[in-house]
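K.L.:
For reference, the sequence and a predicted model appear below.
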Amino acid sequence: MKNLGIILIIVGALMLILCALVPFMADMADQNWYTWGGVFVIIAGLITHIVVNKKVTD
């Protein structure tokens, strides 16, 4: 539970890396969905990391 935020940040970063490096993803679907999805997952992971670690230390 303590590492959930970090895992979400890593998943979001992997989504952005795949969006940039895999050429066939542009043909499969709109790349903006992957980009915005990665950004939202990273933001959710950051907020989750802050909230969980604040509750764990208190």
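P.N.:
That came through fine. Bear in mind the structure is a predicted one, so any value in this text is a computation, not a measurement.
K.L.:
Return the set of buried residues in stretch 45-58.
P.N.:
45, 48-49, 52 (16 or more other C-beta atoms under 10 Å). In short, each C-beta sits where N, CA and C put it, glycine included.
K.L.:
ignore the last one, stretch 3-18
P.N.:
Taking 16+ other C-beta under 10 Å as the criterion, stretch 3-18 shows 5, 8-9, 12, 15-16 as buried.
K.L.:
isn't residue 41 right up against residue 15?
P.N.:
Yes: here residue 41 reaches residue 15: they are 6.5 Å apart, a contact under C-beta atoms under 8 Å.
K.L.:
Which of the helices or strands spans residue 2?
P.N.:
In this structure, residue 2 sits in neither a helix nor a strand according to DSSP states H and E.
K.L.:
same question, residue 48
P.N.:
helix 31-57.
K.L.:
For that helix, what does the pLDDT average out to?
P.N.:
Taken as a whole, helix 31-57 has an average pLDDT of 86.
K.L.:
In terms of secondary structure, what does that helix contact?
P.N.:
helix 4-21 (3 or more C-beta pairs under 8 Å, 6 or more residues apart in numbering; DSSP states H and E).
K.L.:
Check what pLDDT the spatially closest residue to residue 37 that is not a sequence neighbour gets.
P.N.:
Closest residue in space to residue 37, ignoring its immediate chain neighbours: residue 15 at 5.9 Å, by C-beta to C-beta, 6 or more residues apart in numbering. On pLDDT, residue 15 comes in at 87.
K.L.:
who's in contact with the residue nearest the centre of the chain?
P.N.:
Nearest residue to the geometric centre of the chain (C-alpha atoms, centre = their mean): residue 12, 1.9 Å. Each residue near residue 12 by C-beta atoms under 8 Å, 6 or more residues apart in numbering is listed here: 37-45.
K.L.:
List just the nearest of those residues to residue 22.
P.N.:
Nearest to residue 22 among the contacts of residue 12, counting by C-beta to C-beta, is residue 38 at 12.9 Å.
K.L.:
How many residues are close by the closest one?
P.N.:
Residue 38 has 20 neighbours, counted by other C-beta atoms under 10 Å.
K.L.:
Kindly provide the distance from the closest residue to it other than its chain neighbours to residue 45.
P.N.:
Leaving aside its chain neighbours, residue 38 sits nearest to residue 15 (3.6 Å; criterion: C-beta to C-beta, 6+ apart). Separation of residue 15 from residue 45 (C-beta to C-beta, to the nearest Å): 11 Å.
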